[in-house]
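S.K.: model the following, please.
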Amino acid sequence: MELKKDNWPLVTVHGTKERINTQPDFQRPLVWGLAQKQLLIDSILRGYDVPKFYWRKVSSKPDKYDVVDGQQRLRAIWDFINGEFKLPKDADTVDGFKIANCGYKELPDDLRKVFDIYNLNIIILENTDEDEVREMFLRLQNGTTLKAQEKRNAYPGNMRDFVHKLADHNFFSKVGFENRRFTYDLIVAQMICLEGNGGPTNIKNADLNKMYQEGIEFDEKSEVGKAIERNLNLFNEIFKEKTPELERYNIISLYCVLRELQLEYVISEIKDKLFEWFVEFEQIRIKNELIPEDQADSEWIIYKDKISHSTDSVDSIKWRMEFMLRNLLEKYPNLSRKDNNRNFTQIQKLVIFRRDKGICQLQIKCKGENLTWDDWACDHIVAWSKGGKTTIENGQVACPSCNSSKGGN
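M.R.: Numbering: from 1, shown residues only. This is a model prediction of the structure:
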């Protein structure tokens with residue numbers, strides 16, 4: 001890498017703006033507010049030093065540049081010159097000139113000349129590769145308020161490229177939140193982490209950082225890569241329109257639910273009903289949040305806590321997934337298991353046990369014994385050996401004695 005120091009008057013920087021790219025793919029989005037922009041312009045008018053700018057030269061004849069550091073400042077300068085904002089109404093005078101509530105064109109001529117010839121210190125990076133530029137970007141941002149996903153977006157490697165590619169998936173046009181500071185990239189990265197670990201796992205920043213670092217050679221055609229694309233396509237089929245109920249926390253839970261459904265159940269039986277179920281689920285959640293806590297359902301109170309605290313921990317994700325899946329299976333109890341498996345899943349058993357209130361339904365050897373979770377059998381109403389399906393609708397609580405006496409299960 002070669003570094004060349006240069007001084008550029010502001011008028012030259014503005015005149016060259018069509019050849020200066022402030023948003024190369026490793027850059028974070030614009031986050032400066034009006035007050036920050038105004039302070040920068042005020043500092044320039046007073047002759048204060050402005051930190052160095054770092055640009056990467058990407059081509060010649062004509063010269064073109066990518067901004068490595070200084071994009072917020074550069075855009076603020078351009079916006080001021082273009083009349084996008086004015087200085088504060090209470091700004092102090094500069095050398096006796098009033099600047100309060102002035103835009104660029106309204107500045108006194110002498111001050112506008114001072115502004116135009118103000119020199120920016122530019123460091124031009126030449127003969128650089130992508131890895132060097134990303135490393136430079138991360139080092140220059142050290143100590144700033146970059147979010148974790150903004151830093152990961154500057155990591156080199158295939159994982160970063162795959163995540164960034166899928167963040168443009170059409171599904172994200174239907175969610176209830178915007179892509180501020182690479183939020184969609186964060187969701188995709190968390191999905192990949194879940195898929196790579198076979199279900200609920202910690203998806204905190206440290207876990208995602210490790211995944212990016214170990215995924216430099218990630219193959220998007222791998223089983224994990226294909227599963228992520230397949231599941232995003234499924235999301236896109238289910239949610240055919242903008243769905244404001246889709247938030248960060250429930251998309252991650254939903255991902256785990258859909259993953260489990262595809263592994264264990266014949267999802268095609270209810271695919272067209274999943275949108276309706278999800279909206280209804282969210283309506284029930286909202287209803288429970290609006291009533292006094294002592295009147296709300298206890299499990300919905302727990303769910304509210306799980307979506308409010310430690311949302312990226314394995315325990316929270318697993319609990320939310322199981323709660324949502326149980327709610328879904330209660331609504332569609334006849335959903336078939338894949339390959340008509342004889343054994344009920346843990347979630348199916350839980351739904352059946354709660355539905356039957358833990359009371360033996362067979363009553364062959366007992367009169368409806370009230371059972372504990374550790375001492376009961378999940379019985380096929382129509383025996384599996386006689387074609388009975390392993391579904392919630394065809395399951396019931398039985399005490400061990402009645403279950404063994406029934407036979408033919």
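S.K.: what's the burial count for the closest residue in space to Asp219 that isn't next to it in sequence?
M.R.: Spatially, and ignoring its direct neighbours in sequence, Asp219 is nearest to Gly225 (6.3 Å; Cβ to Cβ, 6 or more residues apart in numbering). All C-beta atoms are positioned from the backbone trio N, CA, C, and that covers glycine. Residues within reach of Gly225, counting by other Cβ atoms under 10 Å, total 19.
S.K.: could you do Lys365 as well?
M.R.: Using other Cβ under 10 Å, Lys365 has 16 neighbouring residues.
S.K.: for the one 4 residues further on, same thing?
M.R.: By the measure other Cβ under 10 Å, the count of residues near Glu369 is 19.
S.K.: same check on Gln283?
M.R.: The local packing count at Gln283 equals 11, with neighbours defined by other Cβ under 10 Å.
S.K.: that one belongs to a helix?
M.R.: Yes. Gln283 sits within a helix when classified using DSSP: H, G, I helix; E, B strand; the rest coil.
S.K.: for it, give its distance to Trp277.
M.R.: When Cβ to Cβ, to the nearest Å is applied, the distance between Gln283 and Trp277 equals 11 Å.
S.K.: what is the helix or strand hosting the residue nearest to Asp219 packed up against?
M.R.: Element membership of Gly225, judged by DSSP states H and E, is helix 223-238. In terms of contacts (3 or more Cβ pairs under 8 Å, 6 or more residues apart in numbering; DSSP states H and E), helix 223-238 is packed against helix 158-166, helix 183-196, helix 248-264, helix 274-290.
S.K.: quick one: mean pLDDT over stretch 347-359.
M.R.: In this model, stretch 347-359 has a mean pLDDT of 95.
S.K.: quick check: buried residues in that stretch?
M.R.: Neighbour counts over stretch 347-359 (16 or more other Cβ atoms under 10 Å) mark Ile347, Gln348, Lys349, Leu350, Val351, Ile352, Phe353, Asp356, Gly358, Ile359 as buried.
S.K.: just checking the distance from it to the centre of its chain.
M.R.: Its chain's C-alpha centre lies 34 Å from the corresponding centre of stretch 347-359 when counted by Cα atoms, centre = their mean, to the nearest Å.
S.K.: residues contacting it, please?
M.R.: Contact with stretch 347-359 is made by 260, 322, 325-326, 329-330, 333, 344, 368-373, 376, 378, 390-392, 395-397, as judged by Cβ atoms under 8 Å, 6 or more residues apart in numbering.
S.K.: recalculate using a threshold of 6 Å.
M.R.: Leu325, Arg326, Leu329, Glu330, Gly368, Asn370, Leu371, Cys378, Ile392, Gly395, Val397 (Cβ atoms under 6 Å, 6 or more residues apart in numbering).
S.K.: just give the nearest non-adjacent residue to the most centrally placed residue in the chain, would you?
M.R.: Of all residues in the chain, the one closest to the mean position by Cα atoms, centre = their mean is Ile187, 2.5 Å from it. Spatial nearest neighbour of Ile187, chain neighbours left out: Ile251 (6.0 Å); criterion: Cβ to Cβ, 6+ apart.
S.K.: on that earlier part again, buried subset of the contacts of stretch 347-359 as a ChimeraX selection?
M.R.: Command for ChimeraX, covering only those of those found buried under the criterion 16+ other Cβ under 10 Å:
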select :325,326,329,371,378,392,395,397
